[in-house]
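Novice: No sequence on hand, only this structure:
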């Protein structure tokens, strides 16, 4: 019992945000429900981001009816690499990454082969709402596969690492990079076994990672160090993330960024209820940082200014 | 937060009111002692019409009436409901042979201190013939010198009266030609001192008795209240078991147009459920809480509510386990429904049945995945498989003579089908470990909810005091703003701070 109280005290002292506090104190207060569709619907989100002049992976098409899943190859128009996403999916559920088409077989990122029927079945599952929030009928978004920057080759196993930035009232407050592993089947999802590596907010250097709840300093599949790796385009990533605040109007926001070899940082998706594991990856709490942002009242400054404010205040 | 407090206060207030004013029992199977008092009057009618009047208990300090009725076949009954004295009058034009009349009342202990009669006037001293008048005045003077107030005066009179060898003046009354009993001598003497005085008649509710004697007490008014004395002993105060029947010197029964053959009062002790007693009391007080409570519903509907009203309790446990402890589960309220099913199947059998059906169902579900069915047909297929499994389990267990297997039919099959579907998706997307974790979490919540909902006291409270659910609602609302850590987060974030 005493141990529990001391754990409690430690978490509180370092400003670790719990789920209840995230939901009750931040999401409910700062994220107006009417703005949720802007981030929950990935198709809509992409549109809004483009309107605000931000870059995102190219949209190939949207399949809204079960019958249309037969016309997949027509919609793809020769595209070999693409990703199928439930437009209203959550937590990475239902995402199918196809990296090539060989003899009418679709090869997924983890090396499995699907025939046209398998893929069509997946599409109908997506459309009938199997992966959507609350089981509502959904549509399937076809998105061009990011030609990911080889800088991560040494610290990612298959798949695309993505960078998560928590943006609080327009100010980036914490960041991590999610590194796919063999365990996560090439997906950048911490729940599925990807490594989360904290990033020093000013320099863009990784500070070490966690796998599950265990600390790691090397990638478990490649053995490369995940400490002190510098994320390219870091300044731009910070500013893009900050700008998302104006685009969707959510005070507590998770921004997922991927690096494209040719186009640079792209915004993959936004999240109105970003998870809390980022605190483990960075070994620090979100709460104190967010309280400092609120106290400073910088939410109305331009995005560049907010990014540099974050850089000067959250050095680690 | 104010709302939560208001709800909690309201719920507890109603609860306390029902317990204290009507004695609604807080615990199940509580019984109370009641006394069934029956007066039986036998009359031999004359040729013409017959009219029988009987005194009824009216003001009963220390006792409360819960129910009463009259049995008098063929008679017209009129109850004269005066505030200080009720009488029942039976009348019949032609009675024929000997007739019996009954009054039956159910009385329970009650801490009331009802006054038995209105505040009286000071009586005029009685005028007696000599030598009684002189003796009376001498006794009164004598006693008055030895006493301070009405209570001590009365006690003193009664002590003298009960002296085995009374002094001369008193002996005149006790042994003399007036032929008065002690109560009436005392009444006479007290009236001589202008003390308001009444005789009261009643019975002792001690043991079962078929012919309880009517006992007489005297009551003297001291300007504030009536004081009671036993004329036979001089003791003050009414015994705790004395039921006041009527006041004054009127006869218990009077008969016109016939002859009273017999009148007797029988007393019987009975244990009744406190709930029915409380219900009757509430009805007698003209309170509508019984009318507007679950107890007014037909029994079969009541038994439905006995289960339904436990659901809020289960929901509260879910809130507690998910938001304060941080247990993961499939579906928000699925565990409550499973817990309700456990109520019917018993825990162990229910647990095994649930695991079996979900396990086998899951196997089928993995096979269905290969058929590439669309969502709704696939859900329907899983549901059909679940129903078939339930039927198979029932039949097999019946053949094996295990009756617990039959209650499988009470499982919420749609819910189980959804669990299977969700579990298979988590299995595919997040791996078997996560699926198992969520499954175990759901079962753990269901078992805890089952154990809490199985506490007899809670089951009793929600039915008898549904207002306590307002307290549950208040607590739920209060917990709704709990933004502290979940217990499981203390472990989850350990690495974040070390």
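Specialist: Yes, it's here. Small disclaimer: the values here were computed from a predicted structure and weren't measured.
Novice: So what's the residue count around residue B:497?
Specialist: For residue B:497, the neighbour count with other Cβ atoms under 10 Å in any protein chain shown is 19. All C-beta spots, glycine's among them, are computed from the backbone N, C-alpha and C.
Novice: doesn't residue A:16 make contact with it?
Specialist: Yes - Residue B:497 is within contact range of residue A:16, at 6.4 Å (criterion: Cβ atoms under 8 Å).
Novice: which residues are common contacts for these two?
Specialist: residue A:285 (Cβ atoms under 8 Å, 6 or more residues apart in numbering or on different chains).
Novice: And what about the residue of the stretch 101-250 of chain B found nearest chain A, helix, strand or coil?
Specialist: Nearest residue of the stretch 101-250 of chain B to chain A: residue B:111, at 44.7 Å (Cβ to the nearest Cβ). Secondary structure, DSSP: H, G, I helix; E, B strand; the rest coil: residue B:111 is coil.
Novice: For the stretch 301-450 of chain B, what lies in contact range of chain A?
Specialist: Contact residues, the stretch 301-450 of chain B versus chain A (Cβ under 8 Å from any Cβ of the partner chain): B:323, B:326, B:372, B:374-376, B:425, B:429-431, B:434.
Novice: now, which of those residues lie within helices?
Specialist: Here DSSP state H is the test, and these give B:375-376, B:425, B:429-431, B:434 as lying in helices.
Novice: Now pLDDT too, for those, in JSON lines please.
Specialist: Shown next, in JSON lines, are these (pLDDT from 0 to 100):
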{"residue": "B:375", "pLDDT": "77"}
{"residue": "B:376", "pLDDT": "82"}
{"residue": "B:425", "pLDDT": "81"}
{"residue": "B:429", "pLDDT": "73"}
{"residue": "B:430", "pLDDT": "74"}
{"residue": "B:431", "pLDDT": "77"}
{"residue": "B:434", "pLDDT": "82"}
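Novice: on that earlier part again, among the residues of the stretch 301-450 of chain B next to chain A, name the buried ones.
Specialist: For those, a burial check counting by 16 or more other Cβ atoms under 10 Å in any protein chain shown picks out B:323, B:326, B:375, B:425, B:429-431, B:434.
Novice: between the residues you listed, which is closest to residue B:165?
Specialist: Proximity of those to residue B:165, judged by Cβ to Cβ, is greatest for residue B:323, which lies at 85.0 Å.
Novice: contacting residues for that closest one?
Specialist: So residue B:323 contacts A:20, B:479, B:482, B:486 (Cβ under 8 Å, 6+ apart).
Novice: Any idea how many residues pack against the closest residue to residue B:249 other than its chain neighbours?
Specialist: With Cβ to Cβ, 6 or more residues apart in numbering or on different chains as the criterion, residue B:249 has its nearest non-adjacent residue at 6.0 Å, and that residue is residue B:199. Neighbours of residue B:199 under the rule other Cβ under 10 Å: 19.
Novice: thought residue B:199 was touching residue B:185?
Specialist: No - contact criterion Cβ under 8 Å: residue B:199 and residue B:185 do not qualify, at 11.2 Å.
Novice: Find me the pLDDT at residue A:160, would you?
Specialist: pLDDT, residue A:160: 75.
Novice: quick one, phi psi at the closest residue to the residue of the stretch 101-250 of chain B closest to chain A other than its chain neighbours?
Specialist: Counting by Cβ to Cβ, 6+ apart, residue B:111 lies nearest to residue B:62, which is 7.6 Å off, once chain neighbours are set aside. Phi and psi for residue B:62, reported as degrees, to the nearest 10, are phi 90, psi -10.
Novice: can you check the one 3 residues further on too?
Specialist: In this entry, residue B:65 is assigned phi and psi values of phi -90, psi 130 (degrees, to the nearest 10).
Novice: Run through the residues that contact it.
Specialist: Per Cβ under 8 Å, 6+ apart, neighbours of residue B:65: B:57, B:105-107, B:284.
Novice: quick one on the thing from earlier: and the furthest pair within the residues of the stretch 301-450 of chain B next to chain A?
Specialist: Across these (Cβ to Cβ), the longest gap, 38.4 Å, separates B:323 and B:372.
Novice: who in the stretch 51-200 of chain A is up against chain B?
Specialist: Going by Cβ under 8 Å from any Cβ, the residues of the stretch 51-200 of chain A near chain B are A:66, A:92-94, A:117-118, A:121, A:124-125, A:128-131, A:191-193.
Novice: Kindly give a single PyMOL line that selects the buried subset of those residues.
Specialist: Selection of buried members from these for PyMOL, criterion 16+ other Cβ under 10 Å:
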select buried, chain A and resi 66+92+93+94+118+121+124+125+128+129+130+131+191+192+193
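Novice: Surely residue B:213 touches residue B:203?
Specialist: Yes - counting by Cβ under 8 Å, residue B:203 is a contact partner of residue B:213 at 7.3 Å.
Novice: Settle it for me: which of the two has more neighbours?
Specialist: Higher neighbour count among residue B:213 and residue B:203: residue B:203, with 22 against 10, using other Cβ under 10 Å.
Novice: just curious, which of the contacts of residue B:323 is nearest to residue B:444?
Specialist: Distances from residue B:444 to the contacts of residue B:323, taken by Cβ to Cβ, are shortest for residue B:486, at 14.8 Å.
Novice: what's the domain layout of chain A?
Specialist: Taking automatic domain parsing as the reference, chain A has its domains at A:16-54+A:149-313, A:59-144.
Novice: Out of the helices and strands in the chain, which is least certain?
Specialist: I'll assume chain A. Across the helices and strands of chain A, mean confidence by mean pLDDT, DSSP states H and E is lowest for helix A:72-76: a mean of 81.
Novice: Chain B, not that one
Specialist: For chain B, judged by mean pLDDT, DSSP H and E, that is helix B:274-284, with a mean of 71.
Novice: For that one, buried residues please.
Specialist: Here helix B:274-284 shows B:274-283 as buried, counting by 16+ other Cβ under 10 Å.
Novice: and if you look at stretch A:163-182?
Specialist: A:163-181.
Novice: circling back to that earlier point, just the closest of the residues of the stretch 301-450 of chain B next to chain A to residue A:268, please.
Specialist: Nearest to residue A:268 among these is residue B:429, at 18.5 Å by Cβ to Cβ.
Novice: And that closest one, how far from residue A:96?
Specialist: Noted for residue B:429: a distance of 11 Å to residue A:96, by Cβ to Cβ, to the nearest Å.
Novice: Repeat that for residue B:470.
Specialist: Taken as Cβ to Cβ, the span from residue B:470 to residue A:96 is 50 Å.
Novice: Residue 67: what secondary structure?
Specialist: Here I'm looking at chain A. Per three-state DSSP, residue A:67 ends up helix.
Novice: ah, no, chain B please
Specialist: Strictly by three-state DSSP, residue B:67 counts as strand.
Novice: now it, which residues is it bridged with?
Specialist: Taking DSSP bridges, one obtains residue B:106 as the residues bridged to residue B:67.
Novice: same for whichever helix or strand residue A:50 is part of, what does it pack against?
Specialist: Secondary structure from DSSP states H and E places residue A:50 in helix A:42-51. Under the contact criterion of 3 or more Cβ pairs under 8 Å, 6 or more residues apart in numbering or on different chains; DSSP states H and E, helix A:42-51 touches helix A:36-40, strand A:59-63, helix A:234-248, strand A:264-271.
Novice: that older thread, closest one of the buried ones among the residues of the stretch 301-450 of chain B next to chain A to residue A:221?
Specialist: residue B:431 (17.1 Å).
Novice: quick one: contacts for that closest one?
Specialist: So residue B:431 contacts A:192-193 (Cβ under 8 Å, 6+ apart).
Novice: what helix or strand does the nearest residue to residue A:282 once chain neighbours are set aside sit in?
Specialist: Counting by Cβ to Cβ, 6+ apart, residue A:198 is the residue found nearest to residue A:282 once chain neighbours are left out, at 3.5 Å. According to DSSP H and E, residue A:198 maps onto strand A:195-199.
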